[in-house]
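[1] Below is the sequence, then the predicted model.
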Amino acid sequence: MTEINGRQYETWDDVEKDLFTPEEIAESDLRVALIGEMIKARQEKGISQRKLQNLSGVKQPIISRVEKGNADPRLKTILKLLAPLGKTLYIGDLKQ
């Protein structure tokens, strides 16, 4: 059990549900999934962040911040990064 701000929690899910709205949790999960897939695609292709910079036109420090989750990139930037990785965004139904 962990105590945070005087409250006892057994799991991270308990903390998350107490501190964040369902919408915030869904947004965070989506961001984590998108970034994870981007990193995976880059690594599978054997492309460094520097090479991705050359292919996408997005500067390497920005790529690094995006991959670390320290940036809130615009859709245009995400699309620029996905194209040379052979990926795109797909809009579909949320899994329930």
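    Received it, and whenever you're ready, just let me know what you need. Just so we're clear, the structure is a prediction, and the values are computed from it rather than from any experiment.
[2] And the helices in this protein?
    All helices of the chain, identified by DSSP state H, fall at 12-19, 22-44, 49-56, 60-68, 75-82.
[3] What helices and strands are in contact with the lowest-mean-pLDDT helix or strand in the chain?
    Every helix and strand of the chain was ranked by mean pLDDT, DSSP states H and E. The lowest is strand 2-4, at a mean of 77. Under the contact definition 3 or more CB pairs under 8 Å, 6 or more residues apart in numbering; DSSP states H and E, strand 2-4 sits against strand 7-9. In this view, the C-beta of every residue, glycine as well, is placed from N, C-alpha and C.
[4] how far is the strand it packs on from where the chain is centred?
    Remark: strand 7-9 is offset 28 Å from the chain centroid, using CA atoms, centre = their mean, to the nearest Å.
[5] From the contact counts, what lies against it?
    strand 2-4, helix 12-19.
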